[in-house]
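Chemist: below are the sequence and a predicted model; questions follow.
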Amino acid sequence: MTEHLIHVQHPLVQHKLSIMRDKATSTAQFRQLLREISQLLAYEITRNLPMTTRSIETPMQTMDAPVLDGKKLALVSILRAGNGLLDGVLELIPSARVGFVGLYRDEKTLKPVEYYFKVPTALKDRLVIAVDPMLATGNSSVAAIDRLKQAGAVNIRFLCLLASPEGIARMKEAHPDVQIVTAAVDSHLNDHGYIVPGLGDAGDRMFGTK
């Protein structure tokens, strides 16, 4: 059984995250830091990818060299904030297939409402990494994973920047087979379902909207 939650405490991850939390950090800097931190988190979430070998010619001799095995993995952005993580991970894994799940949170019920869904083919044969900066109530994340499983995905991991204890518990209850990789587990959710101390609304800070 894989570990359900991996909290990445690498010094570079924690330093960059602290700058992102600061409300004085500009939109441009926030966006750049998110791209950088996503690559560091991607390093962790792809640690156990299947490998094989193929014969290559180095300048010195022939060798059996390690390469990735299986179908190209699929990155699925939970819109809109997921795109910030997606961009950074794609720089690291440019051959990945990409999908999108469009969800917004009803501010009264805190329940997710789907408005878009487009994912790669043959999900059952791919590692699927769903990305969303915030795992808050967990409702949107659970709904996104529900849809990915309906589309055939069986090997799913979830990558986020911040997670709340409530969101982690909600995901574990609904999808115990989905590993969560995060840079921070924060204190709690406030009455509006936002992570505390958090960093505010990731989408707004990334795109400069309110």
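Modeler: Nice, I can see it.

Chemist: neighbours of G193, how many?
Modeler: Taking other CB atoms under 10 Å as the criterion, the count of residues near G193 is 15. Every C-beta, even on glycine, is put in place using the N, C-alpha and C of the backbone.

Chemist: buried stuff in stretch 100-108?
Modeler: Neighbour-count burial for stretch 100-108 flags 100-103, 105 (criterion: 16 or more other CB atoms under 10 Å).

Chemist: over to stretch 202-210?
Modeler: By neighbour count on 16+ other CB under 10 Å, the buried set for stretch 202-210 is 202-203, 205-207.

Chemist: chain center to it, what's the gap?
Modeler: 18 Å (CA atoms, centre = their mean, to the nearest Å).

Chemist: this protein: strands as residue ranges?
Modeler: Using DSSP state E, the strands of the chain run over 5-7, 51-57, 62-68, 74-79, 97-105, 112-118, 127-131, 134-135, 155-163, 179-185, 188-189, 195-196.

Chemist: with distance to M171 as extra columns, can I get those strands in JSON lines?
Modeler: JSON lines is the format used below for the strands of the chain (distance: least, CB to CB, whole Å):
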{"stretch": "strand 5-7", "distance to M171": "9"}
{"stretch": "strand 51-57", "distance to M171": "28"}
{"stretch": "strand 62-68", "distance to M171": "27"}
{"stretch": "strand 74-79", "distance to M171": "13"}
{"stretch": "strand 97-105", "distance to M171": "15"}
{"stretch": "strand 112-118", "distance to M171": "13"}
{"stretch": "strand 127-131", "distance to M171": "11"}
{"stretch": "strand 134-135", "distance to M171": "7"}
{"stretch": "strand 155-163", "distance to M171": "7"}
{"stretch": "strand 179-185", "distance to M171": "6"}
{"stretch": "strand 188-189", "distance to M171": "14"}
{"stretch": "strand 195-196", "distance to M171": "14"}
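
Chemist: can I get those in TSV including distance to L40 and mean pLDDT?
Modeler: Formatted as TSV, the strands of the chain follow (distance: least, CB to CB, whole Å; pLDDT from 0 to 100):
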stretch	distance to L40	mean pLDDT
strand 5-7	13	94
strand 51-57	21	95
strand 62-68	19	95
strand 74-79	16	94
strand 97-105	20	89
strand 112-118	28	90
strand 127-131	14	96
strand 134-135	17	93
strand 155-163	11	96
strand 179-185	8	96
strand 188-189	25	94
strand 195-196	20	94
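
Chemist: all set now, cheers.
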